[in-house]
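[1] The sequence and its predicted three-dimensional model are supplied below.
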Amino acid sequence: MTAAASRRDSSRRGSGVLPLLRRLAPVWWLGPSVLLIALVIVYPAIEMIRTSFLKVNSIGLTQGSAGAGNYRNLFSEPALGHVLVNTATWVVLVVAATIVISLGLAQFLNKRFPGRRIVRWALIVPWAASLVMTATVWRYIYEGSYGMLNRVLLDLGLIHTPVEWYQDNSTSFWCLIIVGIVVSIPFSTFVMLAGLQSIPADVYEAARVDGAGPVQTYRKVTFPLLRPALLTSTVLNTIYVFNSFPIIWVITGKLPGDQTDTTVTFMYKIAFTYRLDVGEAAALAVINVVFLLIVVSIFLRRVRWTAGDETGTRRSRGRGRRGPGKRAAVLARGATPRNPPHALRARAVVHRRHTGRSPGPSARDRWAGNDRLAVTYAAMTEAGRLPLVTGAAMAGTAPAPAAPGHPSGSETDDAERTSASARPPRTPGPLQRAGQAVARVWSPVRTVGLTVAGGGVAAFFLAPYAVMFLSALKSNGDLFHSPARYLPTHWQWGNFASVWKTIPLASYLADSLIIAAVSTAIVLLVSLPAAYFTARHEFRGKRAFLYTVLVTQMFAPVALVIGIFREVNLVNGAVNSYWAIILVDSAFNLAFSIWILNGYLASIPKEIEDAAMVDGAGPLRTMFRIVLPLARPGIVTAVIFTFIQVWNEFVVAETIFNNPTQNRETLTVGINAFVGLYQTQYQYLFVASIIGIVPVVVLFAFIERYLVSGLTAGSIR
């Protein structure tokens with residue numbers, strides 16, 4: 001064979017290998033994520049369904065098929081009807097109250113006033129703190145003779161004798177609902193705050209110019225544009241509240257009966273406490289998952305991923321096939337990257353309502369005139385060189401040239417001013433006059449009023465943790481004094497030293513730190529390649545992968561805890577092992593990391609990466625040297641958020657990592673056990689809780705500045 005023939009043969013082999021490697025690229029980038037999801041989420045779901053048709057004895061051994069017997073036993077449970085009513089009441093009331101309160105609170109925090117950052121930090125504390133620790137302090141507040149709630153109500157004259165709030169069947173469930181609302185508000189508030197801050201300011205300016213009052217602006221402009229965030233918050237809150245386990249379990253879970261149980265806690269009791277019937281519990285778990293799938297399907301029908309998403313790309317390609325005139329026509333009518341169609345519709349509604357006529361071409365051109373990048377952006381998106389991004393990613397406010405056939409900006413302004421002067425002034429209605437009167441009274445004291453209101457909001461959300469701190473410094477006599485004492489008579493600072501001898505706190509902290517640190521590292525190593533590849537490349541199956549990730553985000557570990565327990569028991573030595581709980585925690589936190597990182601990476605202009613490629617940098621070098629440094633805020637947010645979630649995790653650790661004889665307990669599990677064993681030593685329990693809460697609150701406060709932008713950038717539109 002000649003040298004030339006050898007080179008041709010080598011070239012043919014190379015030409016066949018390179019396309020194959022390109023086709024297999026998604027496997028290398030997404031493979032670890034898919035494998036982790038399949039092993040730790042998909043398989044337990046399948047095992048849970050299979051177990052619901054098996055007869056399993058009290059020690060976990062399978063004794064053959066049960067057919068539909070487990071489902072028959074479940075539906076014949078005397079308590080099932082009461083539990084279903086509890087679940088519906090719990091979800092509806094907590095979610096409804098949370099959404100209403102969060103809507104007003106987000107609007108409040110969107111205003112500028114002194115101390116706003118402190119109020120936002122205060123709101124973060126119930127979100128960042130472990131639900132186990134938060135539920136523990138609320139349990140103490142609800143105590144009868146020495147509870148702080150009774151002391152406050154007695155001092156106010158609202159009650160005359162102490163009430164056993166969480167032990168009395170008539171009040172216990174309502175106490176849980178209040179705690180559920182309080183701990184759900186922060187997440188919903190930040191989601192809606194992200195939605196409010198994504199609304200272009202010039203939409204409000206147009207409403208003000210056209211004479212819309214505050215109520216009309218909110219009803220006709222703000223609320224319609226806030227609907228995506230409202231939908232996201234409602235659906236996610238429904239899922240989180242339905243799956244809520246620690247609040248009910250810590251406060252009332254150790255009381256006899258099922259007076260306050262939901263389907264989640266009732267399922268756990270059937271499987272792991274008084275019944276030890278994993279088969280029947282699996283049947284109830286399947287019903288819970290079916291409900292979650294219905295909610296998730298409703299959500300998926302209404303959302304799409306942000307820039308870099310396959311759906312967005314297909315839309316832009318479709319428009320390209322219809323010709324460049326389609327997008328040019330949209331832009332000519334005023335829809336620019338800074339002025340999306342929904343914003344222009346809002347402006348048109350306000351304009352028509354207050355002038356009695358539809359906006360003409362001159363008005364639309366003036367609205368479109370604050371983005372000189374519009375034409376360039378349209379051309380580049382048509383050519384496929386830029387992804388379709390949201391208005392918040394664009395910058396520049398210089399006026400654009402007048403559209404052909406229309407007058408220039410100055411001529412338009414003169415004509416409209418002349419037309420406006422010719423029209424008689426509109427007479428304000430009663431509501432407008434009342435609003436103007438309130439505005440005149442409110443305006444001089446606005447700053448002080450907002451600051452005082454912010455102080456009240458911060459005090460409310462910090463109050464339980466103030467009770468925790470003060471109680472940690474009390475003696476036994478002060479803790480159980482009836483009525484409760486607000487302050488210690490003698491400040492017991494030695495409790496912070498004694499706690500290390502009273503309980504194995506060092507072991508709890510060490511276990512939690514190992515699990516959280518290793519899980520966070522795995523999540524980052526697995527999610528970064530997946531987020532980068534999906535944000536930067538188009539490939540078959542991209543949409544399926546992104547939606548699979550989104551679905552896994554919707555399922556809390558408690559929904560699949562029966563399948564996880566069965567899977568871990570199949571592997572010799574997996575129970576109470578570090579690697580088992582680390583893999584489970586990594587898999588259930590993978591979705592959020594991919595979600596956030598995908599949004600940040602997709603917002604980075606691809607031209608920067610193309611320039612590095614032209615200079616000879618390979619894909620890995622480009623990712624590590626160029627792209628990842630620009631996405632540092634998103635990476636920091638994902639790392640800290642993942643660490644906090646794993647640090648605070650309770651259900652999985654309670655189920656598969658709970659062996660006190662080998663010092664295999666995380667901090668949350670140890671504190672929960674501490675409540676049951678040392679109910680007369682609340683001060684040590686609160687000291688341990690403070691030690692566990694303070695680090696995560698500090699970390700959460702560090703990412704607070706990125707949180708709103710992260711929820712916006714990584715969210716689903």
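    Nice, thanks for sending it over.
[2] per-residue pLDDT, residue 692?
    Looking at residue 692, its pLDDT is 89.
[3] name the element it belongs to?
    helix 682-713 (DSSP states H and E).
[4] what's the residue lying closest to residue 685 once chain neighbours are set aside in contact with, if anything?
    Nearest non-adjacent residue to residue 685, counting by Cβ to Cβ, 6 or more residues apart in numbering: residue 674, 5.2 Å away. No exception for glycine: its C-beta is placed from N, CA and C like everyone else's. Neighbouring residues of residue 674 by Cβ atoms under 8 Å, 6 or more residues apart in numbering: 503, 684-685, 688.
[5] Let's see if you can find the most crowded of the residues you listed.
    residue 685 (27 neighbours; other Cβ atoms under 10 Å).
[6] Need the pLDDT of it.
    Residue 685 is given a pLDDT of 87.
[7] Surely it touches residue 672?
    No. If you go by Cβ atoms under 8 Å, residue 685 and residue 672 don't touch, sitting 9.8 Å apart.
[8] Which residues are in contact with each of the two?
    With Cβ under 8 Å, 6+ apart as the test, residue 685 and residue 672 both reach residue 136.
[9] quick one on the thing from earlier: what helix or strand is the residue nearest to residue 685 located in?
    Using DSSP H and E, residue 674 sits in helix 667-677.
[10] cool, residue 543 as well?
    Here residue 543 sits within helix 542-554, counting by DSSP H and E.
[11] which strands and helices sit next to that helix?
    Other elements packing on helix 542-554 under the criterion 3 or more Cβ pairs under 8 Å, 6 or more residues apart in numbering; DSSP states H and E are helix 3-37, helix 278-300, helix 310-321, helix 505-536, helix 578-602.
[12] Give me the next element, helix or strand, following the last one.
    Right, helix 578-602. helix 606-614.
[13] In the stretch 151-300 of the chain, mark out all the helices, start to finish.
    172-197, 201-209, 214-217, 223-242, 246-252, 263-272, 278-300 (DSSP state H, counting those that start in this stretch).
[14] Next, the angle from the longest one to helix 223-242.
    Translated: helix 172-197. Inter-element angle recorded for helix 172-197 and helix 223-242: 140 degrees (by axes from the mean of the first three to the mean of the last three Cα atoms, to 10 degrees).
[15] Which elements pack onto helix 172-197?
    Using 3+ Cβ pairs under 8 Å, 6+ apart as the test, helix 172-197 ends up in contact with helix 80-109, helix 116-128, helix 131-141, helix 223-242, helix 246-252, helix 446-472, helix 682-713.
[16] if we go to 7 Å?
    Applying 3 or more Cβ pairs under 7 Å, 6 or more residues apart in numbering; DSSP states H and E, we find helix 172-197 packed against helix 80-109, helix 116-128, helix 131-141, helix 223-242, helix 246-252, helix 682-713.
[17] Just put those in a markdown table and tack on distance to residue 204.
    As requested, these are exported to a markdown table (distance: least, Cβ to Cβ, whole Å):
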| stretch | distance to residue 204 |
| --- | --- |
| helix 80-109 | 13 |
| helix 116-128 | 19 |
| helix 131-141 | 37 |
| helix 223-242 | 10 |
| helix 246-252 | 38 |
| helix 682-713 | 18 |
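[18] Looking at these, which is nearest to residue 644?
    helix 682-713 (4.7 Å; Cβ to Cβ).
[19] care to break the protein down by domain?
    For the chain, automatic domain parsing gives the domain ranges 26-64+504-677, 75-300, 320-421.
[20] and residue 441, which of those is closest to it?
    Judging the domains of the chain by Cβ to Cβ, what sits closest to residue 441 is domain 75-300, at 14.0 Å.
[21] Pull the distance from stretch 627-645 to the chain's centre.
    Centre-to-centre, stretch 627-645 and its host chain are 15 Å apart (Cα atoms, centre = their mean, to the nearest Å).
[22] what's the answer for stretch 620-639, then?
    The answer for stretch 620-639 is 22 Å, by Cα atoms, centre = their mean.
[23] follow-up on the earlier one: compare the mean pLDDT across the helices and strands packed on helix 542-554 and name the weakest.
    helix 310-321 (a mean of 39).
[24] For my notes, confirm residue 55 occurs in a helix.
    No. Membership of residue 55 in a helix is not supported by DSSP: H, G, I helix; E, B strand; the rest coil, which gives strand.
[25] Return the residues in contact with the closest residue in space to it that isn't next to it in sequence.
    Excluding its sequence neighbours, the residue lying closest to residue 55 (Cβ to Cβ, 6+ apart) is residue 66, at 4.0 Å. Counting by Cβ atoms under 7 Å, 6 or more residues apart in numbering, residue 66 makes contact with 53-55, 279.
[26] Low-confidence ranges, the protein, go.
    Residues of the chain meeting the criterion pLDDT under 70: 1-22, 302-433, 435-436, 676-680, 704-717.
[27] what about dumping the CA coordinates of stretch 214-232 to CSV?
    Output in CSV follows, covering the C-alpha atoms of stretch 214-232 (Å, rounded to 0.1, in the frame of the first residue of the first chain):
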residue,chain,number,x,y,z
PRO,A,214,-52.0,52.6,41.5
VAL,A,215,-55.0,50.2,41.7
GLN,A,216,-55.5,50.2,38.0
THR,A,217,-51.8,49.8,37.3
TYR,A,218,-51.6,46.8,39.6
ARG,A,219,-54.8,45.2,38.2
LYS,A,220,-54.2,45.8,34.5
VAL,A,221,-50.4,45.8,34.3
THR,A,222,-48.6,44.2,37.2
PHE,A,223,-50.9,41.3,38.0
PRO,A,224,-51.2,40.0,34.4
LEU,A,225,-47.4,40.2,33.9
LEU,A,226,-46.9,38.5,37.3
ARG,A,227,-49.0,35.4,36.4
PRO,A,228,-46.0,33.2,35.4
ALA,A,229,-44.4,33.7,38.8
LEU,A,230,-47.7,33.3,40.5
LEU,A,231,-48.3,30.0,38.7
THR,A,232,-44.8,28.8,39.5
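[28] Would you mark the buried spots in it?
    In terms of neighbour count (16 or more other Cβ atoms under 10 Å), stretch 214-232 has its buried residues at 216-217, 220-222, 225-226, 228-232.
[29] I'd like those residues laid out as JSON lines, including distance to residue 448.
    Shown next, in JSON lines, are the buried residues of stretch 214-232 (distance: Cβ to Cβ, whole Å):
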{"residue": "216", "distance to residue 448": "27"}
{"residue": "217", "distance to residue 448": "24"}
{"residue": "220", "distance to residue 448": "30"}
{"residue": "221", "distance to residue 448": "28"}
{"residue": "222", "distance to residue 448": "25"}
{"residue": "225", "distance to residue 448": "30"}
{"residue": "226", "distance to residue 448": "28"}
{"residue": "228", "distance to residue 448": "34"}
{"residue": "229", "distance to residue 448": "30"}
{"residue": "230", "distance to residue 448": "31"}
{"residue": "231", "distance to residue 448": "36"}
{"residue": "232", "distance to residue 448": "34"}
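[30] surely residue 106 meets residue 196?
    Yes. Residue 106 is within contact range of residue 196, at 5.9 Å (criterion: Cβ atoms under 7 Å).
[31] between the two, who's got more neighbours?
    residue 106 (24 against 17).
[32] if I pick the more buried one, what's in contact with it?
    With contact taken as Cβ under 7 Å, 6+ apart, residue 106 is in contact with 189, 192-193, 196.
[33] again, only this time at 10 Å
    Counting by Cβ atoms under 10 Å, 6 or more residues apart in numbering, residue 106 touches 185, 188-197, 226, 229, 233, 708.
[34] Alright, calling it a day.
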